[in-house]
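[1] below are the sequence and a predicted model; questions follow.
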Amino acid sequence: MNSSSIYLIIFLYILYLLELFVKLSNYNFPFVSLTSFGEAVISESTPPYYDADSYIVFLKTIVPSLDPVIEQYVFEGLNCFRRQLLFASAVMFGAAAEKLVLLLLEAIVNSTTNTQKKKEAELLLDGGRLPQIFDKITETLTALTRANVIPYTIHQGCSEHLISLFEMIRIQRNEAVHPIAGIVNRDKVFLTLQTLPTVIQRIYQLIDWFNSNQIH
């Protein structure tokens with residue numbers, strides 16, 4: 001078979017594929033249309049979970065001072081999720097949650113004027129175990145809210161948001177990287193994507209308050 005015959009066969013096969021595409025496709029203008037899922041996605045007011053760049057833009061809109069390390073963790077976590085790399089995604093979101101917790105503890109340390117309490121918090125910041133860090137943060141917030149020191153608009157829902165952060169970190173440590181568990185549920189990771197913007201926004205409100213006030 002000479003080269004001309006080969007080219008003819010290729011050309012005819014391309015024509016066949018084009019004809020098949022026209023028969024199976026919408027060949028009327030505008031040729032391409034959104035699926036029902038696509039229409040649902042663009043109509044949502046929530047952050048675009050499958051577009052990492054737009055998700056980060058949304059985050060930085062509600063939290064302009066977003067820490068660059070958290071931003072990078074979230075960005076990589078989103079890209080992993082989009083590629084169905086659930087283990088890697090859970091690890092990235094867990095790391096972002098842990099960084100956020102440490103930033104909150106650091107703000108509490110800087111705000112504390114009581115020497116003993118400040119020293120205790122600094123020791124946790126330098127290498128405390130996560131449960132101890134959560135206990136310290138929870139203890140501090142509970143005391144301040146009961147004394148009406150922190151405005152309700154600032155501390156509203158803080159307990160629930162801290163629990164969300166703890167769950168993100170738990171999934172990262174116990175389910176994503178633990179060799180025995182080794183199971184990451186896609187629904188849990190997607191739930192993280194849905195709740196993360198609100199959690200970050202509320203925790204940053206606490207951070208900003210501690211950075212602007214002193215506690216004893």
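    Everything's here; your move.
[2] and the pLDDT for residue 5?
    The confidence metric pLDDT takes the value 66 at residue 5.
[3] wait, residue 105 sits on residue 135?
    No. Residue 105 is beyond contact range of residue 135, at 11.1 Å (criterion: Cβ atoms under 8 Å). Just so you know, the C-beta spots here come from the backbone N, C-alpha and C atoms, and that holds for glycine as well.
[4] those two: which is more packed in?
    Of the pair residue 105 and residue 135, residue 105 is the one with more neighbours under other Cβ atoms under 10 Å, namely 22 against 13.
[5] does the more buried one belong to a helix, a strand or coil?
    Of the three states, residue 105 takes helix under DSSP: H, G, I helix; E, B strand; the rest coil.
[6] out of the helices and strands in the chain, which is least certain?
    Every helix and strand of the chain was ranked by mean pLDDT, DSSP states H and E. The lowest is helix 36-43, at a mean of 62.
[7] after that helix comes which helix or strand?
    Following helix 36-43 in sequence order, the next helix or strand is helix 52-62 (DSSP states H and E).
[8] in the next helix or strand after that following helix, what's buried?
    On the C-terminal side of helix 52-62, the closest following helix or strand by DSSP H and E is helix 68-82. Under the neighbour-count criterion of 16 or more other Cβ atoms under 10 Å, helix 68-82 has 70-71, 73-81 buried.
[9] on contacts alone, who are the packing partners of helix 68-82?
    Applying 3 or more Cβ pairs under 8 Å, 6 or more residues apart in numbering; DSSP states H and E, we find helix 68-82 packed against helix 52-62, helix 86-111, helix 186-212.
[10] can you tell me which of these is most buried?
    helix 86-111 (a mean of 21; mean count of other Cβ atoms under 10 Å).
[11] just checking, what packs against that helix?
    Against helix 86-111 (3+ Cβ pairs under 8 Å, 6+ apart) you get helix 68-82, helix 115-127, helix 130-146, helix 158-170, helix 186-212.
[12] what sits up against the third one?
    Meaning helix 130-146. Applying Cβ atoms under 8 Å, 6 or more residues apart in numbering, the contact partners of helix 130-146 are 98, 101-102, 104-105, 108, 120-121, 124, 128, 150, 155, 158-159, 162, 166, 169, 206, 215.
[13] any chance of CSV for the helices and strands packed on helix 68-82, columns distance to residue 139 and mean pLDDT?
    Listed next are the helices and strands packed on helix 68-82 as CSV, based on distance: least, Cβ to Cβ, whole Å; pLDDT from 0 to 100:
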stretch, distance to residue 139, mean pLDDT
helix 52-62, 28, 93
helix 86-111, 10, 93
helix 186-212, 14, 92
